[in-house]
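Peer 1: model the structure of this input:
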Amino acid sequence: MAKSDDICSATLPLSKTRSSSLLLISTTSTSFFMCMFFAHAACCFTAHTSINNNIMDSKRHKSEVCSSANGDFTIQDAFHMLDADFFSNNKMVDIVKEASEFNLPVARADRKLVATSNGGLKYPSVLVFHPDWGARQAEPSMKTFTYPLFPGIQRPANEEDIAFMSILELGQLIKEKKISSVELTEIFLKRLKRYNPVLQAVVTVTEDLAYKQAKEADQLLSEGVYLGPLHGIPYGLKDIIAVPQYKTTWGSRSFKDQVLDTEAWVYKRLKSAGAVLVAKLVTGSLAYDDIWFGGRTRNPWNIEEFTTGSSAGPAACTSAGMVPFAIGSETAGSMTYPASRCGISALRPTFGTVGRTGVMSISESLDKLGPFCRSAADCAIILDKIRGKDPDDLSSRDMPFGDPFDVDLTKLTVGYLEDSEEEAVNVLASMGVNMIPFQLNYTVDSVQGILNFTMDVDMLAHFDEWQRSGLDDVYEAQDQWPFELRRARVITAVDYMQAQRARGRLIQEVQESFTVDAFVGNATDWEKVCMGNLVGMPVMVVPVGFAPIANPPSSDIRRRRTITTGIYAPPKHDHIALALAMAFQSATDHHKQRPPIDDLGPNDSISNTPSTTYPPRQLRA
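Peer 2: Numbers count the residues shown, from 1 in each chain. Model (predicted):
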């Protein structure tokens with residue numbers, strides 16, 4: 001950014017009075033210590049520093065900085081020092097204000113937690129380097145789960161009844177040749193085209209690829225080759241997952257024409273299991289909430305409201321019977337929120353369970369892929385097929401899961417939090433589970449700030465050029481990533497590392513407090529969302545009922561508010577959460593209900609402008 005004398009002369013010198021907004025920046029390479037105090041004065045922020053003039057003269061050219069003769073240090077100089085002077089003056093002012101109100105309190109909280117003693121011996125960072133340099137290793141064989149069978153199942157006469165069957169039921173129909181994969185694919189392609197104009201949940205219908213894969217599945221079966229329960233089953237992928245020859249838009253105007261010549265690892269796994277890709281489904285722009293370049297995805301249970309969470313398309317399409325299952329992702333709430341809003345079953349697995357090669361990254365230490373399904377049993381099947389070591393994702397692991405279909409519930413002790421749903425607690429107790437009151441305790445009080453620091457800095461590292469080139473100015477929702485990532489630009493490396501050390505302390509305390517086999521609690525409580533993602537904990541989202549919508553136009557409508565709960569397990573114990581969810585669903589039918597996308601009720605109508613609004617800046621990445 002060019003700096004003018006007018007800009008310099010507009011700044012005010014720093015008072016010697018100390019303030020809570022003091023920002024310390026040290027640079028060892030130039031051996032100088034600088035203090036910058038950002039203050040709001042009329043329409044501008046100003047800064048000043050006291051620096052050894054001899055050192056400054058030897059290290060910096062006058063043309064590179066905008067400083068007056070008396071040593072005044074401007075806001076433009078501060079951003080120049082951070083190599084971030086591509087921002088406009090107005091953006092700099094906004095960033096300074098946000099840094100003062102958000103960054104500094106979080107940084108101070110983290111330092112108080114983990115930086116009160118020297119030497120770095122306590123609370124090491126959770127960032128671990130694996131010195132294998134990406135060496136490819138053969139994937140060890142893993143024992144598959146023991147799926148239940150549905151012998152003799154009959155094909156329904158009605159296509160909608162077929163569309164809402166479970167994966168195991170559809171798989172049995174295909175295996176017994178009572179329906180072909182091509183027929184099944186045609187049913188779901190028609191539903192995708194029929195309901196997408198209302199729900200805005202689909203980016204690309206992969207029709208040619210779908211018929212090609214479906215024909216291959218039918219041919220294999222005719223030759224006596226059966227690949228398992230996903231053989232010939234249609235599905236959808238969140239559009240941050242790359243598939244060759246098709247657009248991978250990341251939901252953003254900036255990348256809406258992007259085609260990546262990459263086969264994502266999870267796509268390879270599903271293709272090898274015989275599954276049929278029918279659509280690339282909506283992701284919120286750059287995997288943030290439910291706004292994308294084509295609009296905003298709606299909730300099939302109440303289409304005047306939106307899905308929330310960036311896995312908007314997978315959740316809405318699964319809920320509406322447009323696909324039997326879909327793959328979504330979560331960094332901070334992008335699976336739990338839309339699954340809860342759309343009333344479907346979803347598993348956010350243990351971090352590292354599913355390889356992420358070919359998937360847009362927000363944060364290497366937070367991103368997870370997982371299934372949206374009709375039931376917990378379906379989630380178990382999908383997990384079984386997509387788990388395992390991805391040789392190009394160093395964070396992925398061969399997780400030693402038990403078999404969720406072979407868990408003895410009577411040997412489990414499960415806690416329930418104050419915000420758990422009573423029906424879930426009572427049903428599990430009636431099935432022999434030892435249910436006890438529980439509270440997960442930890443002393444780290446900056447959990448939400450730690451997640452923001454981690455996610456925002458990591459995301460900015462992946463989209464540095466995007467921000468520098470000004471593409472954030474055309475982002476779909478200016479109060480989302482542009483806001484977050486501009487603020488992240490001035491998070492120092494030291495404060496980022498302190499946040500990781502604080503995260504390590506959180507993991508230690510959560511582990512010590514997790515004295516049960518699992519616990520039941522609210523799946524969308526923001527503190528739990530942040531804590532669970534930071535520690536890599538799996539959670540199963542389970543529908544447990546319905547309630548009337550707020551302010552209904554009449555009493556004679558079918559739209560509903562879905563009620564869900566979360567079943568949380570320790571890392572590497574996803575099978576426990578799945579087993580508990582399957583047990584609950586074996587005794588209830590909430591997960592079998594269908595949203596009223598065709599029949600709203602005799603006295604109901606939908607406005608083109610939703611009457612239900614939600615506050616901005618709900619972080620659901």
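Peer 1: which residue ranges of the stretch 401-550 of the chain form helices?
Peer 2: 422-430, 447-462, 464-468, 481-488, 493-513, 526-535 (DSSP state H, counting those that start in this stretch).
Peer 1: residue 230 in helix, strand or coil?
Peer 2: Secondary structure for residue 230, judged by DSSP: H, G, I helix; E, B strand; the rest coil, is coil.
Peer 1: next one: it relative to residue 269, how far apart?
Peer 2: Distance of residue 230 to residue 269, given as C-beta to C-beta, to the nearest Å: 10 Å. C-beta here means a position set from N, CA and C on the backbone, and glycine is covered the same way.
Peer 1: more neighbours: these two, which one.
Peer 2: Under the neighbour definition other C-beta atoms under 10 Å, residue 230 and residue 269 were set side by side, and residue 230 has more, 28 against 20.
Peer 1: could you tell me the end-to-end distance of stretch 353-363?
Peer 2: Terminal residues of stretch 353-363 lie 15 Å apart, using C-alpha to C-alpha, to the nearest Å.
Peer 1: pull out the buried residues from it.
Peer 2: 353, 354, 355, 356, 357, 358, 359, 360, 361, 362, 363 (16 or more other C-beta atoms under 10 Å).
Peer 1: next: stretch 203-212.
Peer 2: In stretch 203-212, counting by 16+ other C-beta under 10 Å, buried: 203, 204, 205, 206, 209, 210, 211.
Peer 1: quick one: which of the residues you listed is nearest residue 482?
Peer 2: residue 203 (21.5 Å; C-beta to C-beta).
Peer 1: could you say which helix or strand holds the closest one?
Peer 2: Using DSSP states H and E, residue 203 falls within strand 202-205.
Peer 1: hang on, the earlier thing: may I ask which two of the buried residues of stretch 353-363 are separated the most?
Peer 2: Most distant of the buried residues of stretch 353-363, by C-beta to C-beta, are 353 and 360, 18.2 Å apart.
Peer 1: quick one: the helices in the stretch 251-400 of the chain?
Peer 2: 265-272, 312-319, 336-342, 376-386.
Peer 1: could I get the helices of the stretch 401-550 of the chain as TSV with mean neighbour count?
Peer 2: TSV is the format used below for the helices of the stretch 401-550 of the chain (neighbours: other C-beta atoms under 10 Å):
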stretch	mean neighbour count
helix 422-430	17
helix 447-462	22
helix 464-468	15
helix 481-488	22
helix 493-513	19
helix 526-535	23
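Peer 1: residue 288: which of those is closest?
Peer 2: helix 481-488 (5.3 Å).
Peer 1: tell me what the closest one is packed against?
Peer 2: Where contact means 3 or more C-beta pairs under 8 Å, 6 or more residues apart in numbering; DSSP states H and E, helix 481-488 is packed against helix 89-98, helix 447-462, helix 464-468.
Peer 1: what residues does the second one touch?
Peer 2: Read that as helix 447-462. Contacts to helix 447-462, defined as C-beta atoms under 8 Å, 6 or more residues apart in numbering, come from residues 102, 105-106, 109-110, 286, 331-332, 360-366, 444, 467, 481, 484-485, 487-489, 491, 495-496, 499-500, 502-503, 506, 526-527, 530-531, 533-534, 619, 621.
Peer 1: next: stretch 575-585.
Peer 2: 345, 347, 375-377, 379-380, 383, 401-405, 407, 409, 412, 414, 424, 427-428, 431, 433, 517-518, 520, 538-540, 542, 544, 567-569, 591.
Peer 1: just to revisit the earlier point, take the buried residues of stretch 353-363 and lay them out in CSV including distance to residue 84 and pLDDT.
Peer 2: Listed next are those as CSV, based on distance: C-beta to C-beta, whole Å; pLDDT from 0 to 100:
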residue, distance to residue 84, pLDDT
353, 36, 95
354, 35, 96
355, 34, 94
356, 28, 93
357, 31, 93
358, 30, 95
359, 28, 95
360, 23, 93
361, 22, 92
362, 20, 93
363, 20, 92
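Peer 1: ok, so of those, who is nearest residue 476?
Peer 2: After measuring those against residue 476 - C-beta to C-beta - the closest member comes out as residue 360, at 15.2 Å.
Peer 1: quick check: the closest one vs residue 178, distance?
Peer 2: 39 Å.
Peer 1: and for residue 333?
Peer 2: Taking C-beta to C-beta, one finds residue 333 at 40 Å from residue 178.
Peer 1: ok, residue 328 next?
Peer 2: 30 Å.
Peer 1: ok, these two, which is more surrounded?
Peer 2: More crowded of residue 328 and residue 178, by other C-beta under 10 Å: residue 328, with 31 against 12.
Peer 1: can you give me every residue that contacts the more buried one?
Peer 2: If you count contacts by C-beta under 8 Å, 6+ apart, then residue 328 has 238, 311, 314, 315, 334, 335, 338, 346, 369, 370, 371, 372 around it.
Peer 1: the fifth one is in contact with residue 310, isn't it?
Peer 2: Spelled out, it's residue 334. Yes - counting by C-beta atoms under 8 Å, residue 334 does reach residue 310; the two are 4.2 Å apart.
Peer 1: more crowded one of those two?
Peer 2: For residue 334 versus residue 310, neighbours defined as other C-beta under 10 Å are more numerous around residue 310 (39 against 36).
Peer 1: does that one really touch residue 289, like I thought?
Peer 2: Yes - the pair residue 310 / residue 289 is scored as a contact, 5.9 Å apart, by C-beta under 8 Å.
Peer 1: can you tell me, leaving aside adjacent residues, what's nearest to residue 252?
Peer 2: residue 285 (4.4 Å; C-beta to C-beta, 6 or more residues apart in numbering).
Peer 1: got it, and residue 382?
Peer 2: Residue 382's closest residue in space is residue 371 (C-beta to C-beta, 6+ apart), at 3.7 Å.
Peer 1: can you tell me which residues contact the residue nearest to residue 366 when sequence neighbours are not counted?
Peer 2: In space, and not counting its chain neighbours, residue 366 is closest to residue 331: 4.7 Å by C-beta to C-beta, 6+ apart. By C-beta under 8 Å, 6+ apart, residue 331 lies in contact with 287, 362, 363, 366, 367, 368, 455, 533, 621.
Peer 1: and the helices of the stretch 401-550 of the chain: which comes nearest residue 183?
Peer 2: Per C-beta to C-beta, nearest to residue 183 of the helices of the stretch 401-550 of the chain: helix 422-430, 36.5 Å.
Peer 1: for that closest one, packing partners?
Peer 2: Using 3+ C-beta pairs under 8 Å, 6+ apart: helix 422-430 touches strand 413-416, strand 434-437, strand 518-521, strand 539-548, helix 574-587.
Peer 1: please identify the deepest-packed of these.
Peer 2: strand 518-521 (a mean of 26; mean count of other C-beta atoms under 10 Å).
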